[in-house]
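>>> Quick one: sequence plus predicted model below, questions after.
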4 protein chains.
Amino acid sequence: MPVMMDGPQLLKFLEEAFPQAGHLRLAIEHLDEHSIRLRLPIDERHLRPGGTVSGPTLMWLADCGTYLLIMAQLGPVALAVTTNLNMNFLRRGEAGRDLIAQGRLLKLGARLAVTEFSILSDGSADPIAHATLTYSIPPRGGMG
Amino acid sequence: MPVMMDGPQLLKFLEEAFPQAGHLRLAIEHLDEHSIRLRLPIDERHLRPGGTVSGPTLMWLADCGTYLLIMAQLGPVALAVTTNLNMNFLRRGEAGRDLIAQGRLLKLGARLAVTEFSILSDGSADPIAHATLTYSIPPRGGMG
Amino acid sequence: MPVMMDGPQLLKFLEEAFPQAGHLRLAIEHLDEHSIRLRLPIDERHLRPGGTVSGPTLMWLADCGTYLLIMAQLGPVALAVTTNLNMNFLRRGEAGRDLIAQGRLLKLGARLAVTEFSILSDGSADPIAHATLTYSIPPRGGMG
Amino acid sequence: MPVMMDGPQLLKFLEEAFPQAGHLRLAIEHLDEHSIRLRLPIDERHLRPGGTVSGPTLMWLADCGTYLLIMAQLGPVALAVTTNLNMNFLRRGEAGRDLIAQGRLLKLGARLAVTEFSILSDGSADPIAHATLTYSIPPRGGMG
């Protein structure tokens, strides 16, 4: 089953839903109906004092990736909202290396979507953080 | 048992650990050894398109409150780090009303601290979000 | 607003949904539209080797309490199902003291209900465990 | 790096730590230093009325798998304890098919271990449940 929106379409849509994404140089390296791989170059905005990647950056990346996985299947469902985020912070993410977010759609039901994401520093096998997220999917009309 | 750091001491320390806090007009309305109540005035920086309070703002507030509850007991343990955050997003938080974060220390052990926070819009009884957080506490030296 | 089902009605209904509850001497000590307080006497079935309360007992109690809070508001919605459970295990629960579960309904929406529970040993102020749960509520027909 | 305990050693140790495991015909189908695959035949004890796999069975399997992953690396650390369990319940697990639990060690630090597990019915690609768990690892002695 092909995805309903491809990478360029998704990034264009994302800029409207998450305006901060537009100037972040976020890239979609892989996308199929079950998984996604994102790359985010790190700059000053993503770092805490001491030079480690900030928690909000990690959470934003997993949240954004979930939104993209849902859009890729359903098309532009602007009203999908995060209802749960669980994140384990595992190691310090270092400045100077891109973040890689590898995500997987665990369920896409009529009402809920659930994903899991591992976030790594490019070139390392050890995850910086791991997240599971739940989105509530709005009811779709007859024309959906 | 009195707290080791009071509200003004904590806010001063917080500005160093979370620099973005300094200009946010965050206030500590209550603090004892088991609980804390924070108030955060909402401005443009905390809103998403459409005027609802953003997820990162809610997560930052719970994370910051946990850090303050730990500092209040242990003094300035700069190396305490978040290891888990679980947040349920319950309702839209509206612009124009302060956020209130009511937090509770569930455990302060030798190695882990666990808190829970309810975040509300001022004047409402219905929480916008609820979070539980775990911090890892670094080993304390003999002079502790 | 009164609850739709009172304590005795709920316990009767619970025995059908959770058959193991019937012979557990579970008691509802308090119930209103936002909160519940349960008491569970501990016996051999609830203990691990070494005499501490088992994880499944704690999770069952929070799950059961959530179900009761939803039933108290909606009546017998047999198809409500747990979609997420997050539990922090804080201290050892001791044999010889009843478990007390103090729960709160954070949200009861058209599609999701979210609760939080603190579980304590009777007579202690320090929680053994804390949980948040999400239930998916089935669509209700016109005949309610 | 080889594991410190192999499958048969682990199952023997497990029977002491989780006595209910001994008669469950749990099998370790794969084990390396980062991952594990467990198989659990389903019988009456694991089902709820209606014939779906019970929540406690799913949680026990993820908890047990985490314990085994830690033991495989550290040897018999009897005092490791669960501090957090987060589980998303995704689909009904059916009677008549074995449960497969596929787990991964996200972190094994000096003080905390974090894992994630997908649980499926044998022969299906769609997970029934997904869990992340944290264990607290006791301090090891000077000879560790």
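That came through, no problem. Numbering: from 1, shown residues only, chains lettered A, B, ... in the order given.
>>> Please identify the residues of chain A in proximity to chain B?
By C-beta under 8 Å from any C-beta of the partner chain, the residues of chain A that approach chain B are A:16-17, A:19, A:49, A:55-56, A:59-60, A:63, A:81-89. The way it works is simple: take the backbone N, C-alpha and C, and place the C-beta from them, glycine included.
>>> Separate out the buried members of those residues.
A:17, A:55-56, A:59-60, A:63, A:82-89 (16 or more other C-beta atoms under 10 Å in any protein chain shown).
>>> just those residues: which has the poorest pLDDT?
For these, the weakest pLDDT value sits at A:A17, with 70.
>>> re the thing from before, could you dump the buried ones among the residues of chain A next to chain B to JSON lines with distance to chain C and secondary structure?
Output for those, formatted as JSON lines (distance: C-beta to the nearest C-beta, whole Å; DSSP: H, G, I helix; E, B strand; the rest coil):
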{"residue": "A:A17", "distance to chain C": "21", "secondary structure": "helix"}
{"residue": "A:G55", "distance to chain C": "18", "secondary structure": "helix"}
{"residue": "A:P56", "distance to chain C": "20", "secondary structure": "helix"}
{"residue": "A:M59", "distance to chain C": "16", "secondary structure": "helix"}
{"residue": "A:W60", "distance to chain C": "21", "secondary structure": "helix"}
{"residue": "A:D63", "distance to chain C": "16", "secondary structure": "helix"}
{"residue": "A:T82", "distance to chain C": "12", "secondary structure": "strand"}
{"residue": "A:T83", "distance to chain C": "7", "secondary structure": "strand"}
{"residue": "A:N84", "distance to chain C": "6", "secondary structure": "strand"}
{"residue": "A:L85", "distance to chain C": "11", "secondary structure": "strand"}
{"residue": "A:N86", "distance to chain C": "6", "secondary structure": "strand"}
{"residue": "A:M87", "distance to chain C": "12", "secondary structure": "strand"}
{"residue": "A:N88", "distance to chain C": "12", "secondary structure": "strand"}
{"residue": "A:F89", "distance to chain C": "15", "secondary structure": "strand"}
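>>> of those residues, list those near chain D.
A:N86, A:N88.
>>> Let's verify A:L79: helix, strand, or coil?
Counting by DSSP: H, G, I helix; E, B strand; the rest coil, the backbone at A:L79 sits in coil.
>>> Just give the nearest non-adjacent residue to it, would you?
A:P138 (4.3 Å; C-beta to C-beta, 6 or more residues apart in numbering or on different chains).
>>> List phi and psi for A:L99.
A:L99 adopts backbone torsions of phi -90, psi 140, taken as degrees, to the nearest 10.
>>> Skipping its backbone neighbours, what lies nearest it in space?
Using C-beta to C-beta, 6+ apart and skipping residues adjacent in sequence, the residue nearest A:L99 is A:L40, 4.4 Å away.
>>> Please, which helix or strand holds A:F13?
helix A:7-17 (DSSP states H and E).
>>> counting contacts, what elements does that helix pack onto?
strand A:27-31, helix A:55-74 (3 or more C-beta pairs under 8 Å, 6 or more residues apart in numbering or on different chains; DSSP states H and E).
>>> Below-threshold pLDDT in chain A: ranges please.
Applying pLDDT under 70 to chain A flags residues A:1-2, A:18-23, A:49, A:78, A:140-144.
>>> Can you tell me which residue is spatially central in it?
Central residue of chain A (C-alpha atoms, centre = their mean): A:G65, 1.5 Å from the mean position.
>>> quick one: that one and A:G103 touch, right?
Yes. Applying C-beta atoms under 8 Å, one finds A:G65 in contact with A:G103, separated by 4.4 Å.
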